[in-house]
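# Provided below for reference: sequence and predicted model.
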Amino acid sequence: MSSVPERRISFSLSSILVVLATILSIVVLWQIRSLIVLLLISIVLASAIAPIVDWAEGFRVPRWLTVILVYLSLISGLVGLAVAFGPAAFTQIEQLIRSLPEYVRELTVLIENWVLSINDSRPELVSQVEKLFDIQSITAWAIRSSQQAIARSYSLTTGFVGSIINVVLSLFVSGYMVADSKNLIHGAVRVLPRPWDIRLETQIGPVSARIGSYIRGRIIVSAILGVAATIGLSFLGLSDVALGLGAIAGVANFIPFVGPILGAIPALVVALSYGWWTLLWVFLLFVIIQNLEAYILAPVVIGSSVGLHPIYLLLAVLGGTEVLGIFGALLAPPLVGGAALLLKNLYLDPKEMAEAQEPLLDG
């Protein structure tokens, strides 16, 4: 009878220390997650304005002065838009929120009447449809999920005052990053051994360009679609809530894939209360708008700035939403795109070059 040799598992002191250090790092990172979000927002903002600062530096304009002028211009523009359209937009959005239960009830009645008109002899079909498509339950789930995402985002900033403080800090940190970018980058990469310090320093520019081009393109596309949705909804007879629905559609469009759908849902729910024909025209409006984005605006304005396969981009959005809420959905695409470019330039391309040279060396 053969004996099975015993397997002994041994742990070295170094492996135990690595595990403990990893656990400690995860705990520390979780404790400072709000600071990490602040840093990520600052990186994205800095990447968005960096080309303007670099362009002005070519005319011997100090970088710090350009940063101040850029942010003053942006803040002035946002304040002007808020003063001009903010009160009306917020009033309409508040009206939509108050009217949501009534819209849901009207939606349920319309669906029941539609099913009854198909087959009056089978009223039990209504109950079956209600079981399959419980509009109230679906709406409650959507509202609950949205509230959870907002609460997760809101908890990172510890309230409204914390949100304002974080916005100001993000502007300050991002401005400092751009104004003194050369010294900051050089000082950060000095801790790495050669030749990785030089390799990483040369990649900061391309990564920043990818992140910045995505953010600038997404802002332009979302603004265009928000205006188009507002004008289209006003033309279709929803002028009382068109501005609010257009603002929701424009803001939601910042999130790839799911954003355009989320932005269209409130307009479709409101349109259904006006009747089936209004619903059809509003549906066609958003189909046209989304195709305009997908086939014209996004390729021209945004292009392939993220450099990710659509499935990876979708996973990045979902993962960012799960971890950081709305902030994660907005930050994940450009940051993951920048990380993908870094991985490609520092690892994948050198690996392919080495593999291509192996047959030559063997020969």
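That came through, no problem.

# mind listing what residue 216 touches?
By CB atoms under 8 Å, 6 or more residues apart in numbering, the residues touching residue 216 are residue 48. Where you see a C-beta, it was placed from the backbone N, CA and C, and this is true even at glycine.

# Looking at residue 146 now. What's its pLDDT?
Per-residue confidence (pLDDT) for residue 146: 54.

# no, scratch that, I was asking about residue 284
According to the model, residue 284 carries a pLDDT of 91.

# Could you say which helix or strand holds it?
Following DSSP states H and E, one finds residue 284 within helix 276-292.

# and if you look at residue 51?
Secondary structure from DSSP H and E places residue 51 in helix 33-57.

# wait, doesn't residue 317 sit right on residue 330?
No. With contact defined as CB atoms under 8 Å, residue 317 and residue 330 do not form a contacting pair (9.0 Å).

# ok, which stretches of the stretch 1-150 of the chain are helices?
13-31, 33-57, 63-118, 124-132, 135-157 (DSSP state H, counting those that start in this stretch).

# What separation do you get for residue 228 and residue 221?
Residue 228 is 10 Å from residue 221, where distance means CB to CB, to the nearest Å.

# Likewise for residue 261?
Plainly put, residue 261 is 16 Å away from residue 221 if you go by CB to CB.

# on that earlier part again, shared neighbours of residue 317 and residue 330, anything?
Here residue 317 and residue 330 share the contacting residues residue 255, scored by CB under 8 Å, 6+ apart.

# circling back: remind me what the helix holding residue 51 packs against, helices and strands.
helix 63-118, helix 135-157, helix 160-179, helix 196-235, helix 326-343 (3 or more CB pairs under 8 Å, 6 or more residues apart in numbering; DSSP states H and E).

# Pick the most buried one from these.
helix 326-343 (a mean of 21; mean count of other CB atoms under 10 Å).

# and the angle for that helix with helix 160-179?
Note on geometry: by axes from the mean of the first three to the mean of the last three CA atoms, to 10 degrees, helix 326-343 and helix 160-179 are set 20 degrees apart in direction.

# Run the chain-centre distance for helix 326-343.
For helix 326-343, the distance from its own C-alpha centre to the chain's C-alpha centre is 9 Å (CA atoms, centre = their mean, to the nearest Å).

# Need the CA coordinates for that helix. PDB is fine.
What follows is helix 326-343, C-alpha atoms only, in PDB (Å, rounded to 0.1, in the frame of the first residue of the first chain):
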ATOM      1  CA  ILE A 326     -22.300  59.000 -10.100                       C
ATOM      2  CA  PHE A 327     -18.800  60.200  -9.700                       C
ATOM      3  CA  GLY A 328     -17.500  56.700 -10.700                       C
ATOM      4  CA  ALA A 329     -19.700  56.600 -13.800                       C
ATOM      5  CA  LEU A 330     -18.300  60.000 -14.900                       C
ATOM      6  CA  LEU A 331     -14.700  59.400 -14.000                       C
ATOM      7  CA  ALA A 332     -14.200  55.800 -15.000                       C
ATOM      8  CA  PRO A 333     -14.200  56.100 -18.800                       C
ATOM      9  CA  PRO A 334     -11.400  58.700 -19.200                       C
ATOM     10  CA  LEU A 335      -9.300  57.300 -16.400                       C
ATOM     11  CA  VAL A 336      -9.600  53.700 -17.600                       C
ATOM     12  CA  GLY A 337      -8.800  54.900 -21.100                       C
ATOM     13  CA  GLY A 338      -5.700  56.700 -19.800                       C
ATOM     14  CA  ALA A 339      -4.600  53.600 -17.900                       C
ATOM     15  CA  ALA A 340      -5.200  51.500 -21.000                       C
ATOM     16  CA  LEU A 341      -2.900  53.700 -23.100                       C
ATOM     17  CA  LEU A 342      -0.300  53.500 -20.300                       C
ATOM     18  CA  LEU A 343      -0.500  49.700 -20.400                       C
END
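
# That one - contacts with which helices or strands?
If you count contacts as 3+ CB pairs under 8 Å, 6+ apart, helix 326-343 packs onto helix 33-57, helix 135-157, helix 196-235, helix 310-324.

# Mean pLDDT lowest where, among the ones you listed?
Note on the helices and strands packed on helix 326-343: lowest mean pLDDT is at helix 135-157, with a mean of 54.

# Can you report how many residues neighbour the closest residue to residue 91 other than its chain neighbours?
Leaving aside its chain neighbours, residue 91 sits nearest to residue 244 (7.6 Å; criterion: CB to CB, 6 or more residues apart in numbering). Each residue near residue 244 was counted by other CB atoms under 10 Å, and the total is 25.
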